[in-house]
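[1] Here's a sequence, model it:
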Amino acid sequence: MALKLIQRRPLLRQLGIQRYPPVVPLCSTRLLSSSPAAQPSCVACLCTSASRCIHKQGCLKLQPDSRVRSLATIVREPSFVASSSVGLHKDSVPRFRLTQLHRPTAAEEQAFQQRLENCSSSRQVFKLLRTVEIISDTMAAAALHRVADLEQDGNALKDPAVLQNDTITALCSQLEQDSGRLTDAGLVSALLACTRLFLDPWSTLMVRLVSESQERLDGRQMSVGQLCSLGQAMLAMEGRGSVMLDEVMEQIQKQEPAQWSLADLQAVYRLLQSGVGVDGKYRDLLNAMHTHAVTVTYRMNPAAVSGLLSALVTLKQTQAMPLVISLCKQAVRHIPHFTDDELSLVLVALMHFGHSDHYFVEAMERYVPKMAFTSHPETVTKVMQFFSRRNILSPAVFDAVAESFVYRADDYSTSQVARQIVPFGKLGYVPPNAGDLFRKVESILRTRFSHFQPRMLLNLLHACILVERFPVNFVSKVFSSFFLQQLEDGGTKIDRVVLAQLTQLYMTLKLECPFYEGPRLLSKYRIKSFLTSGHTVESPVDVHLYHSVKSGLVDLLGARSYFGSRVLTPYCYTLDVEIKLDEEGYVLPASHEDDVYKRIAICIDGPKRFSTNKRQLLGKEAIKHRHLRLLGYEVVQIPFYEMEKLRNRTSVVEYLHQKIFPHSYRLSW
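    Below you'll find the model as predicted:
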């Protein structure tokens, strides 16, 4: 059992680590250094060598007189059998003891956990530890986890010196000395907490915990939750190539997910999400977990719902749509109770899977007006992105965000500013406070123009023109060679979506701002067609709806040759149908180029050109209609919801006649 770990970790032998720690005499002091040469110890990370220390932080500078540093005094009661409880004496220096007579009750552990969660600094955690007389090993591990929660900053600690605190060094020393007496839950939780504090994997403490964990793992008595904690720890220490991690996953796969508790299910999802389940691994296990999860979503709290949705996104479980739908239904109940981070995860997941239902939207419409002024700016931004991505126009949500933007935008990042304004342009919605809103946008552009990423800035300015707000004061900078070179992003060609936005921005100024006399967009940055692969500027026609209209036009005009289809104009727009008339109002053949007095642009607007919940054109379709009229076309809109009411071919012909030629009579031919 333990022999396997020793063979895999030769340093264990070098350190001379025994299965059980030697008995420490009463009130004796254990030195941190375990080397005969008495190498200097790293107090911050409990290392046995200063060359191996906390990841990416390094050891704190050792003072000349601290080459050998002692931990807190360890006191044992020889008259009692040791167990997994740690006693904290209310001394100025923390001292610990293990005793079977004073193990905390479940209620005491729960109360301690609640007090831990209320701690907002490591100092408060240490103060709390000094106020309790007895703590269990799981309570000690929970304290280490709370310190990690408060001190973690990416892949390092904010202040590595926190590990020099007498309380935490004494706690770690006791865990090291009595690793063999810890419960399974306390052992793996303590090991995981140490990895979160970035302790040296080869320190005596870590090696003892890993050695003991290997022996417990070989015994195959760990619960699913404990296996997951061990797996998380080994993933942090050794990565996906860890042999112990493979053993953990082997034992998890031999169990039946349908028998797991909700906590176990969440733990396995978190472990797989951490990197174990990437690249399509453990597909059968995941499918079994999805099947079980659908049956228990009704019992999930806000943290469970958001965590599970986040895991499905990370693991790219596109086939798990029944589970996504079930989680979305459960999320409706929790919307007022989600934290900002949890709500953001839910919205990101629903955008990723392309799902929403009207109950979720209605719940958001009730909640957003209450949270727009108080929630984290990124959460408000995610709300707007969700409605934008799903093409859902909600005046209640947009008005609340527009109002909060006026008061809070100075504290937003430039990315958050752009991502909150872009949905107004995409949905073509002008809020009641549009004047104040766009004055605030202009103020931010004036003071922080250079802070915007080039493409984010272009998205913002393009969104403004979609709702007839023209950024004339800033276009000269956008059309400058310097800005255009920034868009090229390291010498690569600008993609067609960006070129389409630049071209439409330039066209808007020429058509709607004739007073503009600033620099022009160079011809090499203009395109000939707005129909790009991303359909960002113009949408293709709905094929089914187009064929219905085409058949009706053939009957109305008498021949297919009297109208053109999908006609690319010299102004970059593509007309779904074009009809040419002479000066007397007669229809000319589509191929006729001379004596054209009037052109009719028929816009066959399918469902994708409207918001999903209202009959309002998207911003890019509204600006197309507007520009075509300015270019001299008579625009006739054929919306899908009017065509759907027509029952037969005759009614289609009569409808088209009234729409296209409302003031003329049709002779039968």
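[2] Now do the strands in the chain.
    With DSSP state E, the ranges of strands along the chain come out as 85-87, 134-136, 152-153, 156-157, 564-568, 574-581, 587-588, 598-605, 634-639.
[3] Same list, these, but as CSV with mean neighbour count and distance to Pro336 please.
    Backbone N, C-alpha and C define where each C-beta goes, glycine included. Output for the strands of the chain, formatted as CSV (neighbours: other C-beta atoms under 10 Å; distance: least, C-beta to C-beta, whole Å):
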stretch, mean neighbour count, distance to Pro336
strand 85-87, 23, 40
strand 134-136, 22, 35
strand 152-153, 12, 29
strand 156-157, 20, 35
strand 564-568, 16, 48
strand 574-581, 21, 45
strand 587-588, 20, 60
strand 598-605, 21, 37
strand 634-639, 17, 37
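[4] can you put these in TSV and add distance to Val467 and mean pLDDT?
    Putting the strands of the chain into TSV (distance: least, C-beta to C-beta, whole Å; pLDDT from 0 to 100) gives the following:
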stretch	distance to Val467	mean pLDDT
strand 85-87	63	46
strand 134-136	60	82
strand 152-153	40	89
strand 156-157	45	90
strand 564-568	26	95
strand 574-581	22	96
strand 587-588	36	92
strand 598-605	18	96
strand 634-639	19	96
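[5] Nearest approach to Arg446 belongs to which of those?
    Of all these, it is strand 152-153 that lies closest to Arg446, at 34.0 Å by C-beta to C-beta.
[6] which regions of the stretch 51-200 of the chain lie under the pLDDT threshold?
    51-102 (pLDDT under 70).
[7] now the stretch 351-500 of the chain
    In the stretch 351-500 of the chain, residues with pLDDT under 70: 490-491.
[8] And stretch 233-245, end to end?
    The straight-line separation of the ends of stretch 233-245 (C-alpha to C-alpha, to the nearest Å) is 9 Å.
[9] avg pLDDT for that stretch?
    What stretch 233-245 shows for mean pLDDT is 93.
[10] in that stretch, what counts as buried?
    233-237, 242, 244-245 (16 or more other C-beta atoms under 10 Å).
[11] Kindly reformat the residues you listed as TSV and extend each row with distance to Ala106.
    Output for these, formatted as TSV (distance: C-beta to C-beta, whole Å):
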residue	distance to Ala106
Ala233	25
Met234	29
Leu235	30
Ala236	29
Met237	31
Ser242	33
Met244	30
Leu245	31
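[12] between those, which is closest to Asn391?
    Closest to Asn391 out of the buried residues of stretch 233-245 is Leu235 (39.4 Å), distances taken as C-beta to C-beta.
[13] residue contacts, that closest one?
    Leu235 makes contact with 242, 245, 271, 274-276, according to C-beta atoms under 8 Å, 6 or more residues apart in numbering.
[14] How about Ser326?
    Neighbouring residues of Ser326 by C-beta under 8 Å, 6+ apart: 293-294, 297.
[15] likewise Cys464?
    By C-beta under 8 Å, 6+ apart, the residues touching Cys464 are 421, 425, 438, 441, 470-471.
[16] still on that earlier bit, dump the contacts of Leu235 into TSV; add distance to Phe610 as well.
    Formatted as TSV, the contacts of Leu235 follow (distance: C-beta to C-beta, whole Å):
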residue	distance to Phe610
Ser242	52
Leu245	50
Leu271	44
Ser274	42
Gly275	42
Val276	43
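[17] And the helices in the stretch 501-650 of the chain?
    543-557, 619-630, 640-643, 649-660 (DSSP state H, counting those that start in this stretch).
[18] The last one: how far from the chain's middle?
    Once both centres are worked out by C-alpha atoms, centre = their mean, to the nearest Å, helix 649-660 turns out to sit 49 Å from its chain's centre.
[19] low-scoring stretches of the stretch 551-669 of the chain, by residue?
    665-669.
[20] Try it again at 50.
    Across the stretch 551-669 of the chain, the ranges flagged by pLDDT under 50 are 667-669.
[21] With just CA atoms, put stretch 148-155 into CSV.
    C-alpha atoms of stretch 148-155 as CSV (Å, rounded to 0.1, in the frame of the first residue of the first chain):
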residue,chain,number,x,y,z
ALA,A,148,-7.0,30.1,1.2
ASP,A,149,-10.4,31.7,0.1
LEU,A,150,-9.2,35.0,1.5
GLU,A,151,-5.6,35.0,0.4
GLN,A,152,-5.7,33.4,-3.0
ASP,A,153,-4.8,35.7,-5.9
GLY,A,154,-4.6,33.7,-9.1
ASN,A,155,-1.8,31.2,-8.8
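[22] of the contacts of Leu235, closest to Ala402?
    Ser274 (39.0 Å).
[23] Once you drop chain neighbours, what's closest to that closest one?
    Leu235 (5.7 Å; C-beta to C-beta, 6 or more residues apart in numbering).
[24] how close does that neighbour sit to Phe198?
    Per C-beta to C-beta, to the nearest Å, Leu235 is found 14 Å from Phe198.
[25] quick check, nearest of the contacts of Leu235 to Leu457?
    Nearest to Leu457 out of these is Gly275 (C-beta to C-beta; 35.1 Å).
[26] Tell me who's in contact with the closest one.
    Gly275 neighbours (C-beta under 8 Å, 6+ apart): 235, 240.
[27] now swap in Ile335 and tell me
    Residues in contact with Ile335 (C-beta under 8 Å, 6+ apart) are 343, 360, 363-364, 367.
[28] most surrounded residue in those?
    Using other C-beta atoms under 10 Å as the neighbour test, those are led by Leu343, with 27 neighbours.
[29] That one against Thr379, yeah?
    Yes. Counting by C-beta atoms under 8 Å, Leu343 does reach Thr379; the two are 5.8 Å apart.
[30] Thr650: neighbour count?
    11.
[31] I'd like to know how far it sits from Ser551.
    Thr650 is 12 Å from Ser551, by C-beta to C-beta.
[32] And Gln221, by the same measure?
    73 Å.
[33] excluding its backbone neighbours, what's nearest Cys312?
    Not Cys; residue 312 is Leu. Among residues not flanking Leu312 along the chain, Ala320 sits closest, at 5.7 Å (C-beta to C-beta, 6+ apart).
[34] ditto for Ser533
    Nearest-residue entry for Ser533: Arg496, 6.8 Å, with adjacent residues in sequence omitted and distances by C-beta to C-beta, 6+ apart.
[35] what's the neighbour count on that neighbour?
    When neighbours are counted by other C-beta under 10 Å, Arg496 registers 18.
[36] quick one, what contacts it?
    Neighbours of Arg496 in contact, by C-beta under 8 Å, 6+ apart: 527, 532-534.
[37] Give the PyMOL command for selecting the buried subset of the residues you listed.
    Per 16+ other C-beta under 10 Å, the buried members of the contacts of Arg496 correspond to this PyMOL selection:
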select buried, resi 527+532
